[in-house]
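Prediction below, plus the sequence it came from.
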Amino acid sequence: MDILPQENLHSAESDATPRTALLAALFALGSVVRCVGLGRDAFWFNEAASWFYAKGNTWDVLRHSFVDETNPPGFHLLIHFWEQLAGIREWALRLPGAVVGSLTILLMYGLARRFLSARGALIAAALLAFSPLHIWYSQECRGFVFWVAFLVGAYWCFLTWLNDDRPVFLVLNTFLIWLGVSFHYFALHAIVSENAYFLACCRGQSPKRWRA
């Protein structure tokens, strides 16, 4: 087993401490800007539509999603059950998006760390944490930030599977993509992009790998 020399081990530990602190600070600040003012504005048309389609029983939610809406039912089902716990106030129905949007900052760091240095991964997390567009959608009662979070997690599982070949990561990747598609059909692009990446990077692999 390869073991780092003692001085390198201490150096790695000392370098990890400020990185962890910076990531924690990015997560905290990103969470604050996503949670402040959630109830300041009334629902606009699309948010009100999301709430309307989430009303009724589960069958009504599914029917609205496939008949009256252009989006799949994942987000409407989430709001359908969430409003029974938190109520129908604006801040309450926007809160899940703010929480998931904040958690995506950590997911982005983990994904970027698969192919960038720790500094590069922190920059990627910072770009997401203070992205005006991501902050905007994190404060909406809509499903956009959810499928983004699912796909960031799916890509991390996919790259991890490519490295160590454990089937559990491929299963998790498939499940997260399915969740992403259940929130928005745009998530289908993950299937295309992952297969294209696999074809480009894994030529010459064993037949077993290709079948997976």
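Here it is on my side, so go on.

Stretch 55-71: how far from the chain's middle?
24 Å (CA atoms, centre = their mean, to the nearest Å).

One more: stretch 44-51?
For stretch 44-51, the distance to the chain centre is 22 Å (CA atoms, centre = their mean).

Output it in CSV, but only the C-alpha positions, please.
Output in CSV follows, covering the C-alpha atoms of stretch 44-51 (Å, rounded to 0.1, in the frame of the first residue of the first chain):
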residue,chain,number,x,y,z
TRP,A,44,-46.3,35.0,-10.9
PHE,A,45,-48.3,33.1,-13.5
ASN,A,46,-46.1,30.0,-13.9
GLU,A,47,-45.7,29.6,-10.2
ALA,A,48,-49.4,29.9,-9.7
ALA,A,49,-49.9,27.3,-12.4
SER,A,50,-47.5,24.9,-10.6
TRP,A,51,-49.5,25.3,-7.4
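
Next, the buried residues of it.
47, 49-51 (16 or more other CB atoms under 10 Å). C-beta here means a position set from N, CA and C on the backbone, and glycine is covered the same way.

quick one, what contacts the most centrally placed residue in the chain?
For the chain, the residue nearest the mean C-alpha position is A149 (0.8 Å; CA atoms, centre = their mean). Neighbouring residues of A149 by CB atoms under 8 Å, 6 or more residues apart in numbering: 100-101, 103-104, 107.

V145 too?
Here V145 is in contact with 97, 100-101, 104, 134, 137-138 (CB under 8 Å, 6+ apart).
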